[in-house]
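Q: generate a structure from the sequence data that follows.
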Amino acid sequence: MGVQHKKAHSQIATNIILNSNEALRVFFENEKYIAELVVERGVFAPYRYVKMEILSLDSKYPTPIYIWYDSQNDSIEKILINLQIGLDLLN
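A: Numbers count the residues shown, from 1 in each chain. As a prediction, the model looks like this:
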């Protein structure tokens, strides 16, 4: 279990759940969305190293609005672009 850190950036609460040599797990939250970013070796997962999922809180039940998993052929540039797309949705 990791140490939790919270800070606000552009009214986005950031909660680092795990930050180790093996994995990074971060939750983001604002009034409209919740999101999870995971960076780890995706053993038995649909991603290679990175996943980002964003859910909208505008309805009765959280609704996925952005789900992105890296794949074997993704470059670092493609990973960064897709992470930026997700982070832009939170702003």
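
Q: just give me the residue closest to the centre of the protein.
A: Leu37 (2.1 Å; Cα atoms, centre = their mean).

Q: now that residue. Nearest residue, chain neighbours left out?
A: Val26 (4.6 Å; Cβ to Cβ, 6 or more residues apart in numbering). All C-beta atoms are positioned from the backbone trio N, CA, C, and that covers glycine.

Q: run a quick neighbour tally on that neighbour.
A: When neighbours are defined as other Cβ atoms under 10 Å, Val26 has 17 of them.

Q: thinking again about what came up before, need the contact list for the residue nearest to the centre of the chain.
A: Counting by Cβ atoms under 8 Å, 6 or more residues apart in numbering, Leu37 touches Leu24, Arg25, Val26, Phe28, Val50, Lys51, Met52, Leu83, Gly86.

Q: may I have the secondary structure class of the closest residue to the last one other than its chain neighbours?
A: Just to be clear, that refers to Gly86. Leaving aside its sequence neighbours, Gly86 sits nearest to Met52 (Cβ to Cβ, 6+ apart; 4.5 Å). For Met52, the assignment made with DSSP: H, G, I helix; E, B strand; the rest coil gives strand.
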